[in-house]
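J.: missing the sequence, but the structure's below:
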Ligand SMILES: Cc1cc2nc3c(=O)[nH]c(=O)nc-3n(C[C@H](O)[C@H](O)[C@H](O)COP(=O)(O)OP(=O)(O)OC[C@H]3O[C@@H](n4cnc5c(N)ncnc54)[C@H](O)[C@@H]3O)c2cc1C
């Protein structure tokens, strides 16, 4: 069915531009960080301010037209076909209240802008592994931060959300105003309402002791076993992950990493004692590259060194309840030095600490000890084999989970229920039914 859009009417309602596929700027505006995903909406609204977002939502709702929102496209999992895509990438305002230790952002802000603004006051936000990711999309998915063990899921630090629902009602929700909807948005929020602004807590962190210890792939078993023994001894000040990296032999890739398997322990410690806490891991095997230092929080991206250039990728995630001997053997068989693994990254992030909150919250670790995710690059010659390779990893570790996985690590799944407890998933489904009975919102 072809949707007849009243372009002129929509343009009349917004200050920003309304771009259709004939416009040379359309492709750039609709593009996503994940270049494997091609969005083909009927129009893109390049919102110039929050009022544009509200107007576009009202217009889509009145005309019963499909609606999607994009800030960066880091979370783009499948292409949008038809309807309206609201692009928030210009709405990058950030203001920090140092006395209250809070930040208020526009819908398109990225973590980099918040990190820099907060650092001027010795404060830090609960960003994830890449500061290029959008604040709102990440937080609506729960937000598993670099400092998650110390301060919890990002969604649990949200104080209020400015939203517009599909009935066109724009308002602020918080624990005091519409607590049920606010709570559901903070961790399950994609597809419930469009967020036009968000206020959240910052934390007094000016620097972390962190970075990565890199080991040769042949030491994978020794490092993984040391990691498994070490992780449960850590205090909440310590945050860690173990990563199997198969970097391409390509220009710009450090020679120590290029074209082979290396194993990385990512580490970020708040306050004193970081060096002492990491010592057992340094002794696990000969260290190939020691990239750990006292880092100003503005350099927190050095903990994970995620790619910052758009690329075509597919991800999938699972949870692990433990890293016992059976799980270790399964992980090594799937991603270790003897595995024929074509995935450049298999990442095992330590949960627990302040994330070990109860299942009643929308963002929850569900009793998992680790969140695992696998990333494949959808480029020749392996592109066709990537979905199968990710499925193989997820199936291989499934016996060692409990069916749950944090939302942002789930990847492209038609069923997102593993992100929530059954009770929360039911409440989310009921809220979606009530707020979007015509299923206009892309999910
Ligand atoms: C390199 C990389 C590193 C990552 N690291 C982490 C990590 O450490 N921890 C973690 O938890 N996650 C991480 N993620 C996952 C990331 O948080 C999600 O992909 C998230 O959805 C990205 O949000 P975005 O706004 O940047 O992306 P977008 O693709 O722009 O948005 C993602 C989705 O969020 C929703 N959305 C965006 N803006 C709005 C809005 N204003 N109102 C309503 N809905 C909206 C839409 O449904 C949209 O489809 C990482 C992803 C990548 C690619």
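T.: Happy to help now that I have it. Bear in mind that the values here come from a model prediction, so they are computed numbers and not experimental data.

J.: please name the nearest non-neighbouring residue to residue 391.
T.: With sequence-adjacent residues excluded and distances taken as CB to CB, 6 or more residues apart in numbering, residue 391 is closest to residue 316, at 7.1 Å. C-beta here means a position set from N, CA and C on the backbone, and glycine is covered the same way.

J.: correct me, but that neighbour touches residue 412?
T.: Yes - between residue 316 and residue 412 there is a contact at 7.4 Å, judged by CB atoms under 8 Å.

J.: what sits against residue 193?
T.: 161, 163-166, 181, 185, 435 (CB atoms under 8 Å, 6 or more residues apart in numbering).

J.: now residue 401
T.: So residue 401 contacts 318-321, 368 (CB under 8 Å, 6+ apart).

J.: swap in residue 114?
T.: Contacts of residue 114 by CB under 8 Å, 6+ apart are 94, 96, 103, 105, 125, 127, 135.

J.: 10 Å - rerun?
T.: Residue 114 is in contact with 92, 94, 96, 103-105, 123-127, 131, 135, 200, 202, counting by CB atoms under 10 Å, 6 or more residues apart in numbering.

J.: if I look at it, how far off is residue 93?
T.: Noted for residue 114: a distance of 11 Å to residue 93, by CB to CB, to the nearest Å.

J.: overlap of the contact sets of these two?
T.: Here residue 114 and residue 93 share the contacting residues 104-105, scored by CB under 10 Å, 6+ apart.

J.: secondary structure of residue 86: a helix, I assume?
T.: No - counting by DSSP: H, G, I helix; E, B strand; the rest coil, one finds residue 86 to be strand, located in no helix.

J.: my read: it touches residue 58, true?
T.: No - using CB atoms under 10 Å, residue 86 makes no contact with residue 58, being 11.4 Å away.

J.: which of those two has more residues huddled nearby?
T.: Just comparing residue 86 and residue 58: by other CB atoms under 10 Å the higher neighbour count belongs to residue 86, 28 against 17.

J.: got the residues of the stretch 101-250 of the chain near the ligand?
T.: Proximity of the stretch 101-250 of the chain to the ligand (CB under 6 Å from any ligand atom) is limited to residues 107, 128-130, 133-134, 136-138, 140-141, 143-144, 190, 194-195.

J.: could you give the number of residues near the closest residue to the ligand within the stretch 251-400 of the chain?
T.: For the stretch 251-400 of the chain, the residue closest to the ligand is residue 306, as judged by CB to the nearest ligand atom, at 4.1 Å. Look at residue 306: counted by other CB under 10 Å, it has 16 neighbours.

J.: is it true that residue 52 touches residue 14?
T.: Yes - applying CB under 10 Å as the test, residue 52 and residue 14 come out as touching, 4.2 Å apart.

J.: please enumerate the shared neighbours of those two.
T.: In contact with both residue 52 and residue 14: 45-46, 86, using CB under 10 Å, 6+ apart.

J.: which helix or strand in the chain has the lowest average pLDDT?
T.: Here the helix or strand of the chain ranked lowest by mean pLDDT, DSSP states H and E is helix 7-13, holding a mean of 78.

J.: list the buried ones in that helix?
T.: For helix 7-13, burial by neighbour count (16 or more other CB atoms under 10 Å) applies to 10, 13.

J.: what is that helix packed up against?
T.: Here helix 7-13 touches strand 17-19, strand 43-46, helix 50-62, going by 3 or more CB pairs under 10 Å, 6 or more residues apart in numbering; DSSP states H and E.

J.: about what we covered before: tell me the SS of the residue nearest to residue 391?
T.: With three-state DSSP as the basis, residue 316 sits in strand.

J.: pLDDT below threshold where in this protein?
T.: Across the chain, the ranges flagged by pLDDT under 70 are 1-8, 443.

J.: what ranges do the helices span in it?
T.: Secondary structure of the chain (DSSP state H): helices at 7-13, 26-30, 50-62, 111-119, 135-140, 148-151, 179-188, 220-230, 274-282, 325-335, 386-397, 407-410, 422-435.

J.: buried deepest among those, which one?
T.: Comparing these by mean neighbour count (mean count of other CB atoms under 10 Å), helix 135-140 ranks first with a mean of 28.

J.: if we can go back for a sec, which of the contacts of residue 114 has the most neighbours?
T.: Counting neighbours by other CB under 10 Å, residue 125 comes out on top of these with 32 neighbours.

J.: quick one, phi/psi of that one?
T.: Main-chain torsions, residue 125, degrees, to the nearest 10: phi -90, psi 180.

J.: looking at it, it is touching residue 199, isn't it?
T.: No - between residue 125 and residue 199 there is no contact under CB under 10 Å: 11.5 Å.

J.: between the two, which contacts overlap?
T.: Shared contacts of residue 125 and residue 199 (CB under 10 Å, 6+ apart): 102-103, 105, 157.

J.: among the residues you listed, which two are most distant?
T.: Using CB to CB, these reach their maximum pairwise distance at 105 and 157, which is 12.7 Å.

J.: what is in contact with these two at once?
T.: Shared contacts of residue 105 and residue 157 (CB under 10 Å, 6+ apart): 125, 139, 199-200.

J.: nearest to the ligand, of those?
T.: Comparing these against the ligand with CB to the nearest ligand atom places residue 139 closest, at 8.2 Å.

J.: ok, and the closest non-adjacent residue to that closest one?
T.: Once flanking residues are discounted, residue 139 sits nearest to residue 154: 4.8 Å by CB to CB, 6+ apart.

J.: show me the contacts for the one you found.
T.: Residues in contact with residue 154 (CB under 10 Å, 6+ apart) are 111, 125-128, 135, 138-145, 147-148, 186-187, 200-201, 363, 408.

J.: got it, and residue 315?
T.: Listed by CB under 10 Å, 6+ apart, the contact partners of residue 315 are 34, 75, 77, 343, 345, 347, 373-376, 386, 390, 408-412.

J.: let's go with 7 Å and repeat that
T.: The contact partners of residue 315, taken as CB atoms under 7 Å, 6 or more residues apart in numbering, are 373-375, 411.

J.: ok, so of those, who is nearest residue 328?
T.: residue 374 (16.6 Å).

J.: ok, and the closest non-adjacent residue to the closest one?
T.: residue 393 (4.5 Å).

J.: likewise residue 301?
T.: In space, residue 301 is closest to residue 131, 5.3 Å off (CB to CB, 6+ apart).

J.: what's the burial count for the residue nearest to residue 370 when sequence neighbours are not counted?
T.: Using CB to CB, 6+ apart and skipping the chain neighbours, the partner closest in space to residue 370 is residue 320 (4.1 Å). Neighbours of residue 320 under the rule other CB under 10 Å: 23.
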